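Asks: sequence below, structure please.
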Amino acid sequence: MNFKKQDCYWFAEVSGDNNPMHLDENYAVSQIYGRVVVHGIHAVIFLFNEWIKTVPFKLIEIYRLDVSFIKAVYLHKEYSLDIRIIDSNLVSLRASSISQGPVLDMKVHFGEATHEAFSRSISSDKMAKDTECDAPLEVGSEFRVLLPSDTKPLLLRYSNLNRIVGQVVQYLLVSTYTVGMVCPGLHSIFSTLRLVPNEFLTNEGNLVSFRVLNVDKRFSRVFLVASGVKIQAFLRPEPTKSLGYTALDSTFKFDQLKGREVLVLGAGRGLGLSVVKALSKSQSKVTAITRRFSEELCELEKNCSTTSQQLLDMKDLKAIDRLPSFSDDLIIINMLTPKIVDDYLQPEEHGKLFRYYYIEIAEALINKLRPAVFFSPSTVFIDSPVRGMELYSATKIEMEKVLMRYDSCKVVVPRLPRIASDQNHSMIKYPSMTLEDGCKIIMESLVDAVNGSRSL
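Replies: Numbering: from 1, shown residues only. As a prediction, the model looks like this:
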């Protein structure tokens with residue numbers, strides 16, 4: 001199983017699920033996975049189609065389908081398929097990759113159909129994507145979604161699905177449309193899906209009536225039910241946004257940093273970008289290093305003559321040689337980070353990335369540029385562990401120990417609180433601070449260092 005970009009476009013057209021997480025690379029890069037991910041239901045259909053090839057029956061009746069969406073399915077990645085027969089009417093299907101492990105689990109209860117499949121064509125000429133509905137995330141709220149009227153494009157590509165009787169294919173399509181476009185809607189992904197075809201029930205006009213059964217705000221999880229359908233989905237929050245430069249108030253202005261040369265790495269977005277804005281407000285001479293072009297930094301350069309943007313990919317330590325020269329009182333702020341959560345990588349590879357960005361780059365910068373102050377944020381997760389961030393926290397502990405050995409400059413490594421950022425906002429359900437709050441903590445730590453406080 002290996003999906004290409006055009007496969008996502010095709011499935012979006014067939015299903016009506018145009019969630020930008022599956023289509024827009026510029027949008028997807030700011031989300032939890034950092035890249036475009038394949039529609040989960042598309043992967044289900046692919047696996048379903050492959051399994052049907054092994055079934056001896058001419059027609060197949062599905063009694064129940066249970067799907068667990070374990071991890072994201074990525075583009076241009078090879079996934080192996082495992083089909084395990086549990087008994088004559090139950091099969092287990094799994095998709096896996098070497099680096100991610102299992103990404104999709106399915107249990108299919110089935111039998112031989114004794115009747116022909118009825119037509120999947122629907123009298124209405126509307127598609128599900130034309131359905132108007134308001135689906136608030138409130139327990140008990142109800143909404144209706146129209147079944148797709150034409151599944152021919154899907155059945156032409158995945159022809160084995162023609163052997164399934166009933167409306168299973170249509171309900172798979174209406175499920176992906178519902179989660180991706182209606183409720184929870186954009187930014188959302190599947191957790192689990194259960195279909196029980198003999199309980200399917202549509203209203204006049206082929207509308208499926210959904211109800212919000214529960215909303216678990218601790219984990220941003222939504223439970224939806226319809227006749228023969230049970231869905232659990234995660235609502236992914238929108239990307240965090242920092243205040244515009246002109247909107248920053250006087251509390252972001254620190255006179256002690258006026259005129260100081262400051263080098264900020266990882267300045268293109270999130271907390272790094274917020275720090276650049278606050279430094280610019282304080283009239284520091286800021287060199288903002290970013291891997292890709294930032295329109296916000298360009299706008300900042302127009303408003304503040306002391307701030308400049310430099311494109312530089314720090315994946316290689318040799319990039320440090322391309323930095324401009326600085327004065328002896330230079331302040332370096334290292335906000336560089338790889339993805340904190342990346343199931344695309346093996347733990348060993350991920351650990352190497354953490355160590356490179358948090359320790360190796362830091363040591364190279366200190367030894368090469370000899371700054372007066374070096375700032376690198378640590379994390380409160382060291383004191384309050386969060387599941388899934390153990391490797392991240394362990395590397396931050398090592399970073400603190402390594403950097404605090406340097407006496408050639410003032411080292412500032414504060415353990416920042418739980419801050420809502422693009423990197424962690426799907427793992428931290430109750431962040432204690434916004435980007436602006438975190439930015440102020442960083443600025444105050446820098447002022448303490450400049451004023452002669454001991455290393456933090």
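
Asks: which strand or helix spans the residue found closest to Arg64 once you drop the neighbours it is linked to in the chain?
Replies: Nearest residue to Arg64 in three dimensions, chain neighbours excluded: His109, at 4.3 Å (C-beta to C-beta, 6 or more residues apart in numbering). Heads up, the C-betas are built off the backbone N, CA and C, glycines and all. His109 belongs to strand 101-112 when assigned by DSSP states H and E.

Asks: before we move on, the earlier item: so the residue nearest to Arg64 touches Leu90, yeah?
Replies: Yes. Between His109 and Leu90 there is a contact under C-beta atoms under 8 Å: 5.5 Å.

Asks: and the helices in the stretch 151-300 of the chain?
Replies: Assigned by DSSP state H, counting those that start in this stretch, the stretch 151-300 of the chain shows helices spanning 152-157, 168-177, 270-281, 295-303.

Asks: what's the answer for the stretch 351-456 of the chain, then?
Replies: 361-369, 390-403, 435-450.

Asks: and the longest one, what does it pack onto?
Replies: Of the remaining helices and strands, those touching helix 435-450 by 3 or more C-beta pairs under 8 Å, 6 or more residues apart in numbering; DSSP states H and E are helix 270-281, strand 331-334, strand 373-375, strand 410-412, strand 415-416.

Asks: columns mean neighbour count, mean pLDDT and distance to Met1 on top of those, output as JSON lines?
Replies: Compiled in JSON lines, the helices and strands packed on helix 435-450 are given as follows (neighbours: other C-beta atoms under 10 Å; pLDDT from 0 to 100; distance: least, C-beta to C-beta, whole Å):
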{"stretch": "helix 270-281", "mean neighbour count": "27", "mean pLDDT": "87", "distance to Met1": "33"}
{"stretch": "strand 331-334", "mean neighbour count": "26", "mean pLDDT": "94", "distance to Met1": "39"}
{"stretch": "strand 373-375", "mean neighbour count": "24", "mean pLDDT": "94", "distance to Met1": "45"}
{"stretch": "strand 410-412", "mean neighbour count": "23", "mean pLDDT": "92", "distance to Met1": "47"}
{"stretch": "strand 415-416", "mean neighbour count": "17", "mean pLDDT": "82", "distance to Met1": "40"}
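
Asks: now the ones you listed in CSV, with distance to Arg163?
Replies: As requested, the helices and strands packed on helix 435-450 are exported to CSV (distance: least, C-beta to C-beta, whole Å):
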stretch, distance to Arg163
helix 270-281, 49
strand 331-334, 58
strand 373-375, 62
strand 410-412, 65
strand 415-416, 56
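
Asks: to Glu25, which of these lies closest?
Replies: helix 270-281 (18.2 Å; C-beta to C-beta).

Asks: out of the helices of the stretch 351-456 of the chain, which is closest to Ser378?
Replies: helix 390-403 (4.9 Å).

Asks: and the next helix or strand after the strand holding His109, what does it pack against?
Replies: Following strand 101-112 in sequence order, the next helix or strand is strand 142-146 (DSSP H and E). Applying 3+ C-beta pairs under 8 Å, 6+ apart, one finds that strand 142-146 contacts helix 168-177, strand 207-216.
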